[in-house]
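>>> Please work out how this folds:
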Amino acid sequence: MSIGALKLDVLTGDITKETTDVIVNSSNDTFTLNAGVSKAILDAAGQLVQFDCIQLGAQPHKGIIITQPGNLQCRNIIHIVGQNDPNNIRSTVKEVLQLCDQNTFTSVALPALGTGQGGAAPSLVADAMIDAVVDFVSKKQTEYVKRVRIIIFQTQMLTAFHKSMQKREGTALPEPQTLMSKFKSLIFGKPGKEEKPDEEFVLEGEEIDPAVLHICAETRNSVERAKSWLTDLIVKEHVEEKIKDEWIRRFTDKERDAIKTLQRKLQISIKLECTNYEAYIQVGGLSRDVLTAISEIQNMIKKIRDEETQKRDAELISSIVEWQYEKGSKYVPFDKLTNLTLERAFGNEEKKIKINNKMFFLDRNIVLDANKKSTQIKRVPKTEDSALDNLPGHWDDMKGSTCLQIQLQSTSKEYQDVELLFTATCQNFRISKIERIQNPCYWKSYQMKKQFFDMKNKTANNEMRLFHGTADSTIGAINANGFNRSFAGKNAAVHGKGTYFAVDASYSAHNTYSVPDLQGNKYMYLARVLTGVFSQGNAAMIVPPSKSADPADLYDSVTDNVAKPKIFVIFNDVQAYPEYLITFC
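Down below sits the predicted model:
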C-alpha cells in the first residue's frame, strides 16, 4: 500500500530477519522483557545489545531508546515500552516514525504491537498502527522514511491488517513517474501496476515532452516486431550509473540547482539519496549523456572535497603558526587560508605563491606583487614550547612526506604494547599487522590541544587511549585529516552527533564499526583521545553540554555512563590522534 511517497507493507515473517534500517522491539519499562517477540529480538541481537538495554533502561528515559543492531542485519534497534491501548499504540508508532526521520533512517520494521502478552484486539491494533502511518505522512512529517513494514508473527492476524489497509486505500497519493517510465508508457502503453521506487530525496528537472512514435504496418505481428526492436534499442542505449561518496552529504542548494540544470539540459533522470548508511547519486538516461553528467557531478564532489580539506588544513596550521603582514606601525594576521598558503610555501621553499588568484613573489620576509609593490611579513609560532615542535623520538624519518604509515615489527615492544591492549578483550581475533600513523601537522595540533586541556582543567589526566573501528575506504582520509565528526550518524549516534571511541576493542571490533573488506580483513585505530572532563551524552547533542551557567563553559566530551564509561564521544576533530592502525580478522 502506498501512502504518498511512503510504502507500507504488512506481511507474515520473522522480524529478526528484516534488513530495514531499523527494527522495533516492544519491551517493558526497563527494556529487558525476556518473552515473546522481544525475547526473539534480544536473543538474535546478542549480549552487546542486551547490555546496552540494561544500561539505558537504568537511566531516565521517555519510553524509547536506540541501540546498536548487534547481530541483526538492520542498522539500529529502537526499543519502546509496550502498549496495549489503541490510542497509546497510535502515539507510539508516530513517535517511532518521527525518531526514524530525525536520524535519517529510510525504512523500519515493526511487530504487531500489543497483540502478544498485551492482549489487544488485532483489528484495533491494525487501525491504530496504520492510522499512525497515515497521520505521519499527511502532516508532512516525513523527509527520510520511505518504507514501513509491519511483520505479523501469527498468520491469523493478517486478515485484520489487510481489512484495515483496504479501508484506507483512498489515502494513497500519486507519486511522480521517472522520465524513462513516462517515455515508455507513451510508446508502449501504461502497465497495469507501476512499481514505485523507494526514494528519500529525488531531484526532478522540468517536465520534458517525450518523443511519440506511431507504428504502422500491414499486420499486427509486424507492429509487434517493430515495437520489440525499438524496445531493445531503448534498453541498450539507456544506462544507469551510481556514484557513492560521503561528500555528497555536503551538497548545498548550489549543487542541487546544478544537478537540476543537468537534468533539463541532458534530459536524464538523477536521484540523490542520503541515508545513515550511504550517500549516493544515481543517473539514468542515454549512455553518452549519463557519462557527461557523471563527469560533471564528480567535479562537484572533488571541488567540495578539496575546499573542505583545505579548510581543515588551514584550521590545523593556524593553531600552530600565524603569518602576519605589516600594516602601518603594527603587524596583523593573514586570514587562515592565506596563512596555509604561506606556511606551505615556507616549508617547500617556494618563491611564487597564488593568493586570491593573484601571483605574488616571496623574498625572505617580503612579499612582492606583480607591480613590484612590497609588503613586510613575518612568521610567528603560536607557542614557545619546544615540545610542540619536536616529533616523537621513536618515529621514523618523514623524508619530506606529510603523512606516513609505518608497519611495526611484531617483535618490537611498541607492537607488543598495542597488541596487549587489543587482545585484552579481543582474544578471538588474529592481528595481521599494526601500523604507526605519522602525521606531523596533525600531531602538533593535537599536542597543542592537549596543552590547552592541561592548563584549563589544571590536571594532566585528560588523555585516554581508546579504540575506533572503521572501514578500509576511510583509512586514507583519517590518516591525512584525522577523525571527521561531519560523518556522525553513519553508525549509531545514541550519545551525540560526534566521533565515537570505545574503551574496549571488542566493542569497536563489531562489523557495524570495523567493516570487513572483500578479503575479510577488519580495521581499527588505537587513538589518543582528549576526553578531559566528561558528562552524560544523548542522541540530540551536537556539542557537549555546559558545565555551568556560562554557556561557553562546556564539558570536553560525553559518555554513555559517567560512573563507568565504555563509550566516549568528542565533537572537535583535533581532540583525537589516530596513533596506530590495527588490521585483523
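>>> what number of residues lie near Ile3?
A count of nearby residues for Ile3, using other CB atoms under 10 Å, gives 21. Every C-beta, even on glycine, is put in place using the N, C-alpha and C of the backbone.
>>> let me redo that: Leu262
For Leu262, the count of nearby residues is 22 (other CB under 10 Å).
>>> just to confirm, which helix or strand has it in it?
If you go by DSSP states H and E, Leu262 is part of helix 253-266.
>>> pLDDT averaged over that helix - what is it?
Averaged across helix 253-266, pLDDT comes to 87.
>>> Show me what that helix is packed up against.
Where contact means 3 or more CB pairs under 8 Å, 6 or more residues apart in numbering; DSSP states H and E, helix 253-266 is packed against strand 202-203, strand 269-274, helix 287-318.
>>> can you tell which of those is closest to Arg147?
When those are compared by CB to CB, strand 269-274 sits nearest Arg147, at 12.8 Å.
>>> which parts of the closest one are buried?
Buried residues in strand 269-274, counted by 16 or more other CB atoms under 10 Å: 269-274.
>>> now do stretch 69-76
Residues of stretch 69-76 classed as buried: 69-70, 72, 74-76 (neighbour count, 16+ other CB under 10 Å).
>>> any weak-confidence spans in the chain?
Scanning the chain for pLDDT under 70 picks out 140-142, 155, 168-212, 275-278, 316, 347-348, 383-389, 460, 485-493, 549-552.
>>> Just the buried residues of the host helix or strand of Ile130, please?
Using DSSP H and E, the element containing Ile130 is helix 122-138. Buried residues in helix 122-138, defined by neighbour count with 16+ other CB under 10 Å: 122, 124-134, 136-137.
>>> hang on, the earlier thing: tell me which of the helices and strands packed on helix 253-266 is the most buried.
Stretch with highest mean neighbour count among those: strand 269-274 (a mean of 21; mean count of other CB atoms under 10 Å).
>>> Which neighbours in the sheet does it have, and how are they oriented?
Here strand 269-274 has these sheet partners by DSSP bridges: strand 202-203 (antiparallel), strand 279-286 (antiparallel).
>>> Would you tell me which one of the ones you listed is buried the most?
When you average the neighbours per residue for each of the strands paired with strand 269-274 (mean count of other CB under 10 Å), strand 279-286 leads with a mean of 20.
>>> contacts for it?
Here strand 279-286 makes contact (CB atoms under 8 Å, 6 or more residues apart in numbering) with 178-180, 237-249, 259, 266-273, 290, 293-294, 297.
>>> can you put the buried residues of strand 269-274 in JSON lines and add distance to Thr92?
Compiled in JSON lines, the buried residues of strand 269-274 are given as follows (distance: CB to CB, whole Å):
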{"residue": "Ser269", "distance to Thr92": "38"}
{"residue": "Ile270", "distance to Thr92": "37"}
{"residue": "Lys271", "distance to Thr92": "32"}
{"residue": "Leu272", "distance to Thr92": "32"}
{"residue": "Glu273", "distance to Thr92": "28"}
{"residue": "Cys274", "distance to Thr92": "27"}
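>>> Nearest to Val562, out of the strands paired with strand 269-274?
strand 279-286 (33.8 Å).
>>> Need the helices and strands packed on helix 253-266 in TSV (columns: distance to Asp52).
Output for the helices and strands packed on helix 253-266, formatted as TSV (distance: least, CB to CB, whole Å):
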stretch	distance to Asp52
strand 202-203	35
strand 269-274	26
helix 287-318	32
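>>> Out of those, the one nearest Ala370 is which?
Proximity to Ala370 (CB to CB) singles out helix 287-318 among the helices and strands packed on helix 253-266, at 23.9 Å.
>>> next SSE after the closest one?
Heading C-terminal from helix 287-318 (DSSP H and E), you reach strand 321-327.
>>> on contacts alone, who are the packing partners of the helix or strand just after that next one?
On the C-terminal side of strand 321-327, the nearest following helix or strand under DSSP H and E is strand 330-333. With contacts taken as 3+ CB pairs under 8 Å, 6+ apart, strand 330-333 sits against strand 321-327.
>>> so the strand it packs on versus helix 287-318, what angle?
Orientation note: strand 321-327 sits at an angle of 80 degrees relative to helix 287-318 (axes from the mean of the first three to the mean of the last three CA atoms, to 10 degrees).
>>> Strand 321-327 pairs with which strands, and in what direction?
In the sheet, strand 321-327 lines up against strand 330-333 (antiparallel), strand 374-381 (antiparallel) (DSSP bridges).
>>> ok, which stretches of the stretch 451-585 of the chain are strands?
For the stretch 451-585 of the chain, applying DSSP state E, counting those that start in this stretch gives strands covering 463-470, 499-502, 522-530, 534-536, 557-559, 567-570, 576-584.
>>> what's next to the second one, contact-wise?
Among residues not part of strand 499-502, those counted as contacts by CB under 8 Å, 6+ apart are 466-469, 483-485, 488, 491, 493, 508, 513, 527, 529, 566-571, 573, 576.
>>> Mark which of those are buried, thanks.
466-469, 483, 485, 488, 491, 493, 508, 513, 527, 529, 567-571, 573, 576.
>>> and the closest residue to Glu237 other than its chain neighbours, bridged to which residues?
Spatial nearest neighbour of Glu237, excluding adjacent residues (CB to CB, 6 or more residues apart in numbering): Leu286 at 5.3 Å. On the basis of DSSP bridges, Leu286 is bridged to His238.
>>> Quick check: the residue of the chain most remote from its centre vs Ala226, distance?
In terms of distance from the mean C-alpha position of the chain, Glu218 ranks first, at 58.8 Å (CA atoms, centre = their mean). Shown here: Glu218 relative to Ala226, a distance of 11 Å by CB to CB, to the nearest Å.
>>> and Gly114, how many neighbours?
Neighbours around Gly114, by other CB under 10 Å: 24.
>>> quick one, what contacts it?
Going by CB under 8 Å, 6+ apart, Gly114 touches 26, 82-85, 89, 120, 125.
>>> now those in JSON lines, with secondary structure?
Below are these laid out as JSON lines (DSSP: H, G, I helix; E, B strand; the rest coil):
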{"residue": "Ser26", "secondary structure": "strand"}
{"residue": "Gly82", "secondary structure": "coil"}
{"residue": "Gln83", "secondary structure": "coil"}
{"residue": "Asn84", "secondary structure": "coil"}
{"residue": "Asp85", "secondary structure": "coil"}
{"residue": "Ile89", "secondary structure": "helix"}
{"residue": "Ala120", "secondary structure": "coil"}
{"residue": "Val125", "secondary structure": "helix"}
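>>> for the strands paired with strand 269-274, which one sits closest to Cys100?
strand 279-286 (17.6 Å).
>>> ok now the closest one, how far from the chain's centre?
Relative to the mean C-alpha coordinate of its chain, strand 279-286 is positioned 20 Å out (CA atoms, centre = their mean, to the nearest Å).
>>> Run the angle between it and helix 253-266 for me.
Interaxial angle of strand 279-286 relative to helix 253-266 (the same axes, to 10 degrees): 10 degrees.
>>> Alpha carbons only: can I get strand 279-286 in CSV?
The C-alpha atoms that make up strand 279-286 are tabulated as CSV, following Å, rounded to 0.1, in the frame of the first residue of the first chain:
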residue,chain,number,x,y,z
ALA,A,279,25.1,8.8,0.3
TYR,A,280,24.8,8.3,-3.5
ILE,A,281,23.6,9.8,-6.8
GLN,A,282,22.0,7.7,-9.4
VAL,A,283,22.0,8.9,-13.0
GLY,A,284,19.9,7.3,-15.8
GLY,A,285,19.5,8.1,-19.5
LEU,A,286,21.3,7.7,-22.8
